[in-house]
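[1] Show me the folded form of this:
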Amino acid sequence: QAQLRQSGGGVMRAGGSLRLSCEAEASKFTFSSFSTSDVAWYRQAPGKQRELVAVITGGGSIDYAVSVKDRFTISRENAKKTQYLQMNSLKPEDTAVYYCYLRRSQGNEYWGQGTQVTVPS
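    Predicted coordinates:
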């Protein structure tokens, strides 16, 4: 039962840009419950473990993996219950399945369905 719906992704040349979106199901999340949740993006490359890419906490703190800092930007639009990942200067090593993630203040966790991002070398 999807509660986070992802969109975006695809194939992009090295140096290009893509934006991922992740919308929380309106019937499952109120404005308050979404805006106080931590939201994040993870990715998993073939044969590798899932890794954290970027996070915005409910308090507004932002952090990035070293490998994407200064290239990727995470943001959220609470009124739309949506989080975004803007990916610039893409590299072949960014190729992975990207997942959005949300953790409510009460601790419940949710994942998006995943979307493939491919940057050919």
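[2] State the number of residues packed around the closest residue to Leu4 other than its chain neighbours.
    In this structure, Leu4 finds its nearest non-sequential neighbour in Gly112, 4.1 Å apart by C-beta to C-beta, 6 or more residues apart in numbering. (Each C-beta comes from the backbone N, C-alpha and C, glycine too.) Residues lying near Gly112 (other C-beta atoms under 10 Å) number 24.
[3] in stretch 95-115, what's buried?
    95-103, 110-112, 114-115 (16 or more other C-beta atoms under 10 Å).
[4] Contacts for stretch 61-72 next, please.
    Outside of stretch 61-72, the residues that reach it under the criterion C-beta atoms under 8 Å, 6 or more residues apart in numbering are 51-56, 74, 85-90, 93-94.
[5] mind running it again at 10 Å?
    For stretch 61-72, the surrounding residues in contact (C-beta atoms under 10 Å, 6 or more residues apart in numbering) are 17-18, 20, 38, 40-43, 51-57, 73-76, 85-91, 93-94.
[6] Identify the residues contacting the residue most central in space within the chain.
    Compute the mean C-alpha point of the chain, and by C-alpha atoms, centre = their mean the closest residue is Trp41, 2.9 Å away. When the contact criterion is C-beta under 10 Å, 6+ apart, the partners of Trp41 are 6, 20, 22, 52-56, 64-65, 68, 72, 74, 83-85, 87, 98-101, 112.
[7] and if we set it to 7 Å?
    Applying C-beta atoms under 7 Å, 6 or more residues apart in numbering, one finds that Trp41 lies in contact with Leu20, Val53, Ala54, Ile74, Leu85, Tyr98, Cys100.
[8] can you redo those residues as TSV with pLDDT and distance to Ser121?
    Written out in TSV, the entries for the contacts of Trp41 read as follows (pLDDT from 0 to 100; distance: C-beta to C-beta, whole Å):
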residue	pLDDT	distance to Ser121
Leu20	98	21
Val53	98	20
Ala54	98	23
Ile74	98	25
Leu85	98	21
Tyr98	98	18
Cys100	98	26
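[9] No further queries at this time; thank you.
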